[in-house]
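# Build the 3D model from these lines:
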Amino acid sequence: MVEQKSFEDANTKTKEIVVKAFSKKTHGIMDQDETWYNLEHEPTEEDKKRITDLGKGDKIKLTINDEGKYTNFEITEKGTPSIMKFDDILAKAHTKFGDRLSIETMLHFTSTGTSVIADGYLASARVVIKGEDPGKDPKGKHPQIFTGWGDATKANTTGDDGQSSKVADALPRMAETRALGRALRFALGGTIVDIELPKNERPETSEDEDYQEGHPDY
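Numbers count the residues shown, from 1 in each chain. The predicted model follows:
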């Protein structure tokens with residue numbers, strides 16, 4: 001078990017914990033000893049954004065008042081990547097970025113109209129996050145742009161048992177889902193691994209190791 005440290009101050013103390021659970025509704029945070037710490041004040045937009053960025057296993061530094069409620073927290077170390085389904089990743093992006101988020105996907109074909117991959121489909125996704133500060137970026141001229149690529153073939157949509165998976169007959173959609181999933185993970189900070197299918201049907205690709213990292217294109 002990770003040691004949890006406290007640092008005393010006049011009316012507050014700072015405590016380092018490892019997050020076991022948290023609530024986006026109440027903004028409460030639970031440590032490994034299953035002690036809940038609730039937010040001392042009404043959540044601000046910054047509070048809501050930080051709780052969205054929080055993940056299980058993250059090490060954080062809580063500032064706690066004499067009533068045992070926290071007034072602030074700082075993520076000092078990210079835990080292991082969160083495992084999320086694609087729909088949850090998409091919902092998380094909409095929650096975090098709101099109307100600043102725009103998404104484009106494209107399937108790639110040759111000039112003759114055939115797929116660029118002989119036995120499947122190749123897709124790209126473009127996620128654009130418009131500027132957050134209207135004062136500094138009034139027209140959204142300097143958005144962040146994240147791109148992702150995904151391919152789907154009969155071979156990489158085969159289950160662990162060697163049998164064809166449920167998505168093997170929906171390769172164009174699967175390619176787009178993979179591309180968009182990667183672009184969204186990059187936009188969210190590269191801390192999420194998505195589950196495309198149940199474990200026994202989850203396709204593996206040579207890019208799985210890249211799921212934990214992402215870099216924006218500027």
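
# Domain boundaries for this protein, per the record?
Domain segmentation of the chain under automatic domain parsing yields 5-77, 82-212.

# Tabulate those (JSON lines), appending mean pLDDT.
As requested, these are exported to JSON lines (pLDDT from 0 to 100):
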{"stretch": "domain 5-77", "mean pLDDT": "85"}
{"stretch": "domain 82-212", "mean pLDDT": "75"}
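
# Need these in a markdown table (columns: mean neighbour count).
For every residue, glycine as well, the C-beta is placed using N, CA and C. Listed next are those as a markdown table, based on neighbours: other CB atoms under 10 Å:
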| stretch | mean neighbour count |
| --- | --- |
| domain 5-77 | 15 |
| domain 82-212 | 16 |
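
# send the alpha carbons of the longest helix belonging to the chain over as PDB?
Ranked by residue count, the top helix of the chain under DSSP state H comes out as helix 171-187. Taking Å, rounded to 0.1, in the frame of the first residue of the first chain, the C-alpha atoms of helix 171-187 are listed here in PDB:
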ATOM      1  CA  LEU A 171     -14.600  -3.000 -41.600                       C
ATOM      2  CA  PRO A 172     -15.200   0.600 -42.800                       C
ATOM      3  CA  ARG A 173     -16.900   1.500 -39.500                       C
ATOM      4  CA  MET A 174     -14.300  -0.300 -37.500                       C
ATOM      5  CA  ALA A 175     -11.500   1.600 -39.200                       C
ATOM      6  CA  GLU A 176     -13.100   4.900 -38.500                       C
ATOM      7  CA  THR A 177     -13.800   4.000 -34.900                       C
ATOM      8  CA  ARG A 178     -10.100   3.000 -34.400                       C
ATOM      9  CA  ALA A 179      -8.900   6.200 -36.000                       C
ATOM     10  CA  LEU A 180     -11.200   8.500 -34.000                       C
ATOM     11  CA  GLY A 181     -10.500   6.600 -30.800                       C
ATOM     12  CA  ARG A 182      -6.800   7.300 -31.200                       C
ATOM     13  CA  ALA A 183      -7.300  11.000 -32.100                       C
ATOM     14  CA  LEU A 184      -9.600  11.500 -29.100                       C
ATOM     15  CA  ARG A 185      -7.100   9.800 -26.700                       C
ATOM     16  CA  PHE A 186      -4.400  12.100 -28.000                       C
ATOM     17  CA  ALA A 187      -6.700  15.100 -27.400                       C
END
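
# if I look at T52, how far off is A187?
13 Å (CB to CB, to the nearest Å).

# Which parts of the chain are helices?
Using DSSP H, helices in the chain cover 45-53, 86-97, 171-187.

# So for S124, which of these sits nearest?
Proximity to S124, assessed across those by CB to CB, is greatest for helix 171-187 (5.5 Å).
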